[in-house]
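Q: attaching a predicted model along with its sequence, questions to come.
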Amino acid sequence: MGKSSKDKRDLYYRKAKEQGFRARSAFKLLQLDEQFHFLDNVTRVVDLCAAPGSWSQVLSRRLFEGDTEDNASKRIVAVDLQPMFPIDNVTTIQADITHPKTLNKIMDLFEGEKADFVCSDGAPDVTGLHDLDEYVQQQLILSALQLTTCLLREGGVFVAKIFRGRDIDMLYSQLSYLFERVVCAKPRSSRGTSLESFVVCIGYKPPQNWKPCLDVNMSVEDFFQGCEIGRLSLSDKLPDYKEEPRSIAEFISCGGLDSFDSDATYHDVPADSTALDPVQPPTNPPYKRALELKRKGMFTRTI
Ligand code: SAM
């Protein structure tokens, strides 16, 4: 599919380029913020799994909208496995969010202060094996949540991408132990045909006497010991079985009714509108080496 037909097929893709965003995902964060206003009056924010950086661009534009005195105290830290091209007012770290050293790097940048807002749009490379993909995605959310519990101030907000699979209720109930309100939100720019949604967790309230502490040798279960969100271990006496009420999170669809439908094809893009180039080409795409080899006629596959 050519750039120009994709511009019509996906208006968010075109709008992102028109507005200088590196990816269409920018609109997801904008529409979530339009609904929840979590970016009003924040000073320190963390963008986990941030490349190519459209969420960081939204954060930078929202936090540094006006030339105010308190701009000097504002900090945005973006973390990704991939290198990122610089973004105004954003400190980028190339690191793995599942590694405890990443937490130290972020804490150093905040000079011991806590964050007001942490978001994660993380997605692992998909294998096509749905159960495996869902499991790896859940682990990525748990890693983001672990980092968040160490970084976020009480009352702060955590937003993360989820896929609403079979076991998503468990995540909602785990998050409910840590936040006052947990909402599952679907922005209009997220395709209706996709299982993708976002958990918006408002009002961080860690249990009293529980102090999160990341350690490379600690399992997720050990990490959450004492805050009720771990699982039973096999040696625990199982309680008598009774049907637990399902933990169903509030569901909110966000983005005004006048915003574009991400599943629609728009044919009324002006005829003279030329296809726009990407705002920022990928830094180090996995297909780069393959393209180089193909150009040199050296791309052969042994069967
Ligand atoms: N929010 C981004 C934006 O608006 O430009 C898009 C994020 S993209 C959908 C998902 C990102 O998650 C990828 O760039 C990938 O490298 C990153 N990622 C996946 N696993 C990660 C990990 N363990 N640590 C850091 N980043 C990770």
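A: Sure thing, it's come through.
Q: only C-alpha atoms for contact and neighbour calcs from this point on.
A: Will do.
Q: need the strands for this protein, in chain order.
A: With DSSP state E as the criterion, the chain has strands at 44-48, 75-80, 90-94, 115-120, 152-163, 179-187, 196-204, 250-254.
Q: do stretch 195-214 and the ligand meet at all?
A: No - using CA under 6 Å from any ligand atom, stretch 195-214 never reaches the ligand; the gap is at least 10.8 Å.
Q: buried set for that stretch?
A: Of all the residues in stretch 195-214, those buried under the rule 16 or more other CA atoms under 10 Å are 196-206, 212, 214.
Q: how about JSON lines for those residues, with pLDDT added?
A: Output for the buried residues of stretch 195-214, formatted as JSON lines (pLDDT from 0 to 100):
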{"residue": "Glu196", "pLDDT": "91"}
{"residue": "Ser197", "pLDDT": "94"}
{"residue": "Phe198", "pLDDT": "96"}
{"residue": "Val199", "pLDDT": "96"}
{"residue": "Val200", "pLDDT": "97"}
{"residue": "Cys201", "pLDDT": "97"}
{"residue": "Ile202", "pLDDT": "98"}
{"residue": "Gly203", "pLDDT": "98"}
{"residue": "Tyr204", "pLDDT": "97"}
{"residue": "Lys205", "pLDDT": "96"}
{"residue": "Pro206", "pLDDT": "94"}
{"residue": "Pro212", "pLDDT": "92"}
{"residue": "Leu214", "pLDDT": "86"}
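Q: redo the residues you listed as a markdown table? Include distance to Leu152.
A: Shown next, in a markdown table, are the buried residues of stretch 195-214 (distance: CA to CA, whole Å):
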| residue | distance to Leu152 |
| --- | --- |
| Glu196 | 24 |
| Ser197 | 22 |
| Phe198 | 18 |
| Val199 | 16 |
| Val200 | 14 |
| Cys201 | 12 |
| Ile202 | 11 |
| Gly203 | 10 |
| Tyr204 | 7 |
| Lys205 | 10 |
| Pro206 | 10 |
| Pro212 | 11 |
| Leu214 | 14 |
